[in-house]
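In: here is my input; please provide its structure:
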Amino acid sequence: MSRPVQSRQSENADPHEQYNPVPRVVILVILALLAWAVYYIVSAQPNSSPRLGDQRPLAVLAPAPGSASADGKQLYANACVACHQASGQGLPGVFPPLADSEWVKGEPKVLAQLVLHGINGPITVKGQQYQGAMPAFAEQFSDAELAAVFNFIRHEWGNEAEAVTPELVAEARAASADRSQPWQGEKELQDWIAAQ
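Out: Sure, this is the predicted structure:
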């Protein structure tokens with residue numbers, strides 16, 4: 001007796017590759033984005049003079065050669081606000097305040113040394129001790145720029161102190177020209193000032 005031959009029929013058809021083109025809408029969107037990117041790069045003029053986000057040219061913020069008219073508020077915002085905050089209150093326990101600070105309102109030559117060389121170690125501000133590190137700004141700022149920053153912080157947040165001149169900053173810079181390390185706490189800075 002012979003067995004009936006069963007046909008090999010599967011439940012689903014065998015898979016095969018189909019031609020599924022990318023939808024035309026997607027192609028048009030990609031082409032539009034590419035056209036916009038090329039237009040943006042060409043219109044941005046990357047080789048033109050740089051401008052700040054508020055569209056003021058750098059010449060407005062930078063002092064003219066031989067001038068002391070640097071924008072202290074703008075320089076503070078660029079270099080100091082991350083730690084000391086826009087309010088001048090610092091971050092409690094981490095970064096000391098500049099508002100009503102004896103260091104800011106005190107002898108400008110001491111403030112200049114502190115900012116020129118930075119400080120690592122303990123410093124007491126308004127009765128609270130801070131243990132941290134402040135970077136040196138001697139290389140980043142000119143005498144006129146430092147004077148502008150000092151004048152801004154010495155007349156902001158209720159601080160009232162005499163103006164600082166670029167000449168005073170230059171004298172402070174010259175007095176410690178051989179120093180290459182930050183002050184190791186307020187005691188070292190005060191001892192150096194006392195010895196001058």
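In: quick one, phi/psi of the closest residue to residue 146 other than its chain neighbours?
Out: Among residues not flanking residue 146 along the chain, residue 169 sits closest, at 4.7 Å (Cβ to Cβ, 6 or more residues apart in numbering). Quick note: C-beta positions are derived from backbone N, CA and C, even for glycine. Residue 169 adopts backbone torsions of phi -60, psi -40, taken as degrees, to the nearest 10.
In: swap in residue 131?
Out: Dihedral angles (degrees, to the nearest 10) for residue 131: phi -120, psi 100.
In: show me the contacts for it.
Out: Residue 131 sits next to 121, 122 when contact means Cβ atoms under 8 Å, 6 or more residues apart in numbering.
In: hmm, the residue nearest to residue 146 is touching residue 111, no?
Out: No. Contact criterion Cβ atoms under 8 Å: residue 169 and residue 111 do not qualify, at 9.6 Å.
In: common neighbours of the two, please.
Out: Counting by Cβ under 8 Å, 6+ apart, the residues touching both residue 169 and residue 111 are residue 150.
In: neighbour count: the two, which is higher?
Out: Taking neighbours as other Cβ atoms under 10 Å, residue 169 and residue 111 compare with residue 169 leading, 28 against 24.
In: worst-scoring helix or strand of the protein, pLDDT-wise?
Out: Ranking every helix and strand in the chain by mean pLDDT, DSSP states H and E puts helix 58-61 at the bottom, with a mean of 52.
In: next, the buried residues of the next helix or strand after that one.
Out: Counting by DSSP states H and E, the next helix or strand C-terminal to helix 58-61 is helix 72-79. By 16 or more other Cβ atoms under 10 Å, the buried positions in helix 72-79 come out as 72, 73, 74, 75, 76, 79.
In: isn't the first one right up against residue 154?
Out: No. If you go by Cβ under 8 Å, residue 72 and residue 154 don't touch, sitting 9.4 Å apart.
In: what's next to stretch 142-155, contact-wise?
Out: Here stretch 142-155 has contacts from 63, 67-73, 75-76, 79-80, 88, 98, 104-105, 108, 111-112, 115-116, 137, 141, 159-170, 173, using Cβ under 8 Å, 6+ apart.
In: show me which of those are buried.
Out: For the contacts of stretch 142-155, buried by 16+ other Cβ under 10 Å: 63, 68, 70-73, 75-76, 79-80, 88, 98, 104-105, 108, 111-112, 115-116, 137, 141, 159, 161, 164-166, 168-170, 173.
In: ranges for the helices of this protein?
Out: 24-44, 58-61, 72-79, 81-84, 102-105, 108-117, 143-153, 166-175, 185-195 (DSSP state H).
In: low-confidence stretches in the protein?
Out: Within the chain, the segments meeting pLDDT under 70 span 1-10, 16-17, 44-69.
In: that's all I had, so thanks and see you.
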